[in-house]
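[1] missing the sequence, but the structure's below:
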């Protein structure tokens, strides 16, 4: 939905109005900014090797989280992939059905986009994100929230876009529509829907698209780049201008640079502004790129879209897309684990070394091993990519906080161990588990101080934005799956003496 120039949208998405995964940003990142930027984070202890992105202590050429403008397209592509999961998981009827609903508006989208000089693919992706192609979508229980095909706020519609919105009449007709639906009177529903389009032009698809085109054209008059103009559609022109000013950049700075090149240790004021908005504004451009990719596949390669949708919806994260079942080696028996360790396919956890890196190895890990006649140590290992993620995050969080350690509670398993675990752990799946591949581990959701949790959240979000991990919040732990591309973090193992 179009945000007013001076303020972000504060709305709860429902139905077709797709939201970014709740874990991205949120209150945790707001507090990490307050704690760390204000100096409350402390300095890293001598026992931890600081690997905080953008900090001088990171040193050398090793900076896997550092933005490089020469590769802006790569950062955008990775962020689009990293933030795509909710679009697949939350699209009403699935992404293919949503793409079909959006596709039917394509002629009208092209007409509105041409009149305003806007890329029609961009406007089409906005429709996908905002309403999933439903012209009657509302972000709340009534039209006082964002509404229509492109989710425009009432104030934005009347004060900025010149649209007719009789809010009182719109609310009244909406109640009548709900009543007619309860009484199963489809003819009356259709009549009332037409009436609502007259009193509230946000529900008129043509008017909504024209209003969105006007907003984007206005936004483009403030910013010289399409990505900034589109980002402002969600964030608000004024808010984005504040981010750019805090960053110390111009209006031709790529949005990916504003996002990836700010952190609590660099361009901290811009980072604080981005993540104090309290909604999913900071990732809107990347999610729009993900929607564009979905719509492109729906037209050009529906089989690939179906494949991605299958893996994206099997779990509560994108982990199965990162490591598809049937295409990823699974360790079936304890003997498989031993052979993998012998070939260095799996690396055993070095408890002392990891503690120096800010990671505590739970002594209970592998507690079911004796039932299989195996030592617990056999179930304390990871693929190099996953171990690199664990070490990098642990060291980074420790450097931010200055004390304490994250506790890793689970790493690799074989299928026999997994089946034993199913009987005692409600979170354990009897089906394909990423733990049996060595790419996944769990971090206990108990923290020594609150800012440890907030720092941990920063690394989860940033690594997800680079599509280096997929993660999900479970009742007692954070379940993290490293992608194969997380090998970019493996120099951390050598820096920490763990390689």
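    Received it, and whenever you're ready, just let me know what you need. All values reported here derive from a predicted model rather than from experimental measurement.
[2] How about the secondary structure of residue 145?
    For residue 145, the secondary structure call by DSSP: H, G, I helix; E, B strand; the rest coil comes out as coil.
[3] same thing with residue 458?
    Per three-state DSSP, the local secondary structure of residue 458 is helix.
[4] That one against residue 262, yeah?
    No - Residue 458 is beyond contact range of residue 262, at 11.2 Å (criterion: CB atoms under 8 Å). (Each C-beta comes from the backbone N, C-alpha and C, glycine too.)
[5] what pLDDT does the nearest residue to residue 428 once chain neighbours are set aside get?
    Leaving out its chain neighbours, the residue that sits closest to residue 428 by CB to CB, 6 or more residues apart in numbering is residue 421, at 4.3 Å. Residue 421 is assigned a predicted lDDT (pLDDT) of 86.
[6] My guess is residue 81 contacts residue 466. True?
    No - with contact defined as CB under 8 Å, residue 81 and residue 466 do not form a contacting pair (9.3 Å).
[7] tally of neighbours for residue 104?
    Counted with other CB atoms under 10 Å, the neighbours of residue 104 add up to 11.
[8] For residue 404, grab the count of nearby residues.
    One way to gauge burial is a neighbour count; for residue 404, by other CB under 10 Å, it gives 17.
[9] And the one 4 residues further on, by the same measure?
    Residues near residue 408, counting by other CB under 10 Å, number 24.
[10] Repeat that for the one 10 residues further on.
    Here the count is done by other CB under 10 Å, and residue 418 has 22 residues near it.
[11] Which helix or strand contains it?
    Take DSSP states H and E as the rule and residue 418 turns out to sit in helix 415-422.
[12] so what strands line up beside whichever helix or strand comes after that helix?
    Counting by DSSP H and E, the next helix or strand C-terminal to helix 415-422 is strand 440-444. Paired neighbours of strand 440-444 in the sheet (DSSP bridges): strand 406-410 (antiparallel), strand 477-482 (antiparallel).
[13] Turn those into CSV, including distance to residue 98.
    Written out in CSV, the entries for the strands paired with strand 440-444 read as follows (distance: least, CB to CB, whole Å):
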stretch, distance to residue 98
strand 406-410, 35
strand 477-482, 26
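[14] Please name whichever of those is nearest to residue 72.
    Closest of the strands paired with strand 440-444 to residue 72 is strand 477-482, at 24.4 Å (criterion: CB to CB).
[15] Tell me the secondary structure at residue 67.
    In three-state terms, and counting by three-state DSSP, residue 67 is coil.
[16] measure it to residue 75 for me?
    Computed as CB to CB, to the nearest Å, the residue 67 to residue 75 distance reads 6 Å.
[17] give me the number of residues near residue 100?
    13.
[18] Would you reformat the strands paired with strand 440-444 as JSON lines and include distance to residue 376 and mean pLDDT?
    Conversion of those to JSON lines gives the following (distance: least, CB to CB, whole Å; pLDDT from 0 to 100):
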{"stretch": "strand 406-410", "distance to residue 376": "12", "mean pLDDT": "97"}
{"stretch": "strand 477-482", "distance to residue 376": "18", "mean pLDDT": "97"}
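[19] what about these, which gets the closest to residue 114?
    Comparison of the strands paired with strand 440-444 against residue 114 by CB to CB identifies strand 477-482 as nearest, at 43.2 Å.
[20] Other residues contacting the closest one?
    The contact list for strand 477-482 (CB atoms under 8 Å, 6 or more residues apart in numbering) reads 317, 319, 322-323, 383, 385-386, 388-390, 409-410, 427, 434, 439-445, 456, 460, 468-473.
[21] Low-confidence stretches in the chain?
    Within the chain, the stretches falling below the threshold (pLDDT under 70) are 1-64, 278-279, 425-426.
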